[in-house]
Structures are given as structure tokens and as C-alpha cells.
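kindly generate the corresponding structure for this input.
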Amino acid sequence: MSAGVELDDVSCDFGKFRAVDHVNVSIKPGEFFSFLGPSGCGKTTILRMISGFTDPSEGVIRIGGKDVRGQRPNQRPTALIFQNLALFPLMPVWENIAFGLEVQGVDKATRRARADELLRLVDLPGAGDKMVSQLSGGQKQRVAIARALAVEPQVMLLDEPLSALDLKLRQHMRAELRAIQKRTGVTFIYITHDQGEALAMSDRVGVMSQGRLQQVADPREIYNNPVNGFVASFVGEMNILRGDVEQVADGLAGFSTPHGRFRARLSPSATGGAVKLYIRPEHMSLAPDGGGENAVPVTVGDIAFEGNFITVSATSEGGQHFTAEVRNDGITRLPERGARLFMRFEPQRAVILPDETRV
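Below is the predicted model of the structure:
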């Protein structure tokens, strides 16, 4: 059983500091929703308000359509997994999982049976009698998830639970979390500053900055069609050019910069105010000549091997830094450092966005 969560014009103040500023979002039952943003953007405060540990200064939070104002954390149909997991080291694994059921007065035999059932769900069958100290980091994550699921929450709240794991284990646990969420059907609300985690696991992502939601969309839309410069730069890498919009035709605009004139998509949000041109490194290519449009003469600098792709850094005559990602396919010929080439991009692969965040 799962429940939707609605934040209706929710704000939260700590003294004179506004941590969350008029957030409106509706999270669907059974959805995996991530709040993504840098430290201090307000995402953890949102989680604490949903769970009942912090009260909103303004607005209404509804879980399953019901206003939860005045309800304590233990009265809400939510379970919160903290960053440090907070497992009990002196209890065996099954007692850790069944702790919430013990508080509810459930008998020992039923608690043990439920713990064993959840251990199978999180792919840890037979681990019930182990101590927490005998588990790996990934196994501890699964035990924390099983403990949260034991009390049958309608909404699972996860506050950066993978941040302490190494890269390979983090990537593995992304898939595990997503699989567990799909098996249980529980609504997951996930907090992270890691755009890779958010994009890989989520049905939808809410990108936050300075207490405000900048954009809410599915991962592909967030990555391919950001609404402003903050979202474009925070979610992935970008080459950025300053300049001015010229004539517009068929959704493409001329963009005049100190490094030349280019054509690119004009975002509907780029009306009035400062704008910039954004191009992803994977959409930049290297060419020996500058024929056609959207070409910048550059001098190749560093070449960084990163496994499945190679990052080529270059600088224009005007001092503008560019990067291109080249696939490591064994066929593409890499340039020499100091080579004089052209960085090129297709107009449809670049976008003109407002420079400012929605504050």
C-alpha cells in the first residue's frame, strides 16, 4: 500500500533564514521521486517536514490526501532512513528489522517471521542471526530498508543513504533500491546531491536551489530540456557561452558572442533578462576545418582518459574554455596536445537559457 504526498505552497523558516520557499509539488502513489540539489538548498528540510520532525512555517502537507498538521512522526504513514542508518549494533539483524514491530507489541514469533520475509525481499536470506558488525556497507543499507518496511509505511523517506559507500557499491545499490521499490510499490522520496543517482533511479526529479524548486520532470526531460542555467549546469556538465540573442526563426535563434555568432534552440523560458548558450560536452565534436555553422577555432589542451569516454579540453583564441567527450571506441583518432582544430556543435544540440534561477 502506498500514498501520494502533496506539498501545497510549503515554506520553512529558521529564524530569519528561509530554508524552503513556497514549494508546490504532487508526488504520486508508488512513485520514486528524488529531490536533487546542492548542500543547503532545502531538500533535507522538506524530508523532515514530510516525516513530521520539522513543522512548516507556511503551507500544507498532505499524505494520502489527508492534512498531516499536528501529527507526530510516529502517527504518520512514513518511514525515514537516515544517512547514518542508525542500526543497533548490539542486536542481531532480525531484531534490528523487527524493532518497530516490538514497539507495537507484536509477539516474537510473528516478528521473526516478518523479519525473515523482509530479508528475502532485500536479498539477504539467512542473515537474520548475524550481528550488524558482520555485514558489509551494502548489506547494512538493505537491513535499514527492511527495518523501515517492517512497519508497512505508505511512504519511504531516504536521506542520502548511499553517500558513505564507494562508487561501485553505490552503483550496485542504486539498482537494488529501484528493484525493492518496484517490488513493494511503496512511494519512495529520495534526497541526494548526486545527479547520477537521481537520474538513474527516479520516475521524476525535483531540482532545488536556494530553497525553491527549479524544475520537476522525468530524468530525460531534466537532462535534455533544463529550464534555466542552474538546472543545466547542476545536472551534468556544460560548455557555456555569454552573449545576446538576435533574430529568432522556427525555434532557433542567432546568438552573438565574443567568439563568433552561433545558432541554437531558444528555450521558452529565455524571455527577458540575461541568457547564456549551453552545450553538453558529448554534443561537441572536433573537426580539422571550420566549414559550416557553429564552429570555434581552438587549441587542444588536456586529454583525460575516463574509461568509456575521453575528455578533450581546448581553449579558443579569446580564452574561452571548451570540453568535448569522445567515445573510446578504438576507432576515433585523438588529437595531439597543442593541435589547432575546431570545436563544432549542431544548432539543435545547444540551447539558450535564462542565466538566473527561479528565485
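
for the longest helix seen in the chain, the averaged confidence score.
The helix that spans the most residues within the chain, counting by DSSP state H, is helix 167-184. Rounded to a whole number, the mean pLDDT of helix 167-184 is 84.

stretch 239-253 too?
Taken as a whole, stretch 239-253 has an average pLDDT of 88.

repeat for stretch 334-348
92.

now it: how far from the chain's centre is it?
31 Å (C-alpha atoms, centre = their mean, to the nearest Å).

cool, stretch 84-94 as well?
28 Å.

start and end of that stretch, how far apart?
19 Å (C-alpha to C-alpha, to the nearest Å).

rewinding a little: and the longest helix of the chain, what does it pack against?
helix 108-121, helix 137-150, strand 187-192, helix 195-201 (3 or more C-beta pairs under 8 Å, 6 or more residues apart in numbering; DSSP states H and E). From N, CA and C alone the C-beta is placed, and that goes for glycine too.

give me the contacts around it.
The contact list for helix 167-184, computed with C-beta atoms under 8 Å, 6 or more residues apart in numbering, reads 32, 121-123, 136-138, 141-142, 145, 149, 156, 158, 161-162, 165, 188, 190, 197, 200-201.

state the distance from residue 146 to residue 165.
17 Å (C-beta to C-beta, to the nearest Å).

neighbour count winner among these two?
residue 146 (25 against 17; other C-beta atoms under 10 Å).

the more buried one contacts residue 114, correct?
No - applying C-beta atoms under 8 Å as the test, residue 146 and residue 114 come out as separate, 9.5 Å apart.

circling back to that earlier point, out of the helices and strands packed on helix 167-184, nearest to residue 349?
Evaluated with C-beta to C-beta, the helices and strands packed on helix 167-184 place helix 195-201 nearest to residue 349, the distance being 18.6 Å.

the inter-axis angle of the helix or strand following that closest one versus strand 187-192?
Next helix or strand after helix 195-201 toward the C-terminus (DSSP states H and E): strand 204-209. For strand 204-209 against strand 187-192, the angle by axes from the mean of the first three to the mean of the last three C-alpha atoms, to 10 degrees is 40 degrees.

in its sheet, what does strand 204-209 sit against?
Next to strand 204-209 in the sheet, as set by DSSP bridges, lie strand 32-36 (parallel), strand 212-217 (antiparallel).

can you tell me what sits against the helix or strand following the last one?
Read in the C-terminal direction, the helix or strand following strand 212-217 is helix 219-224, with elements assigned using DSSP H and E. Under the criterion C-beta under 8 Å, 6+ apart, residues 198, 199, 200, 202, 204, 205, 207, 215, 231, 235, 236 lie in contact with helix 219-224.

right, I'll call it a day here.
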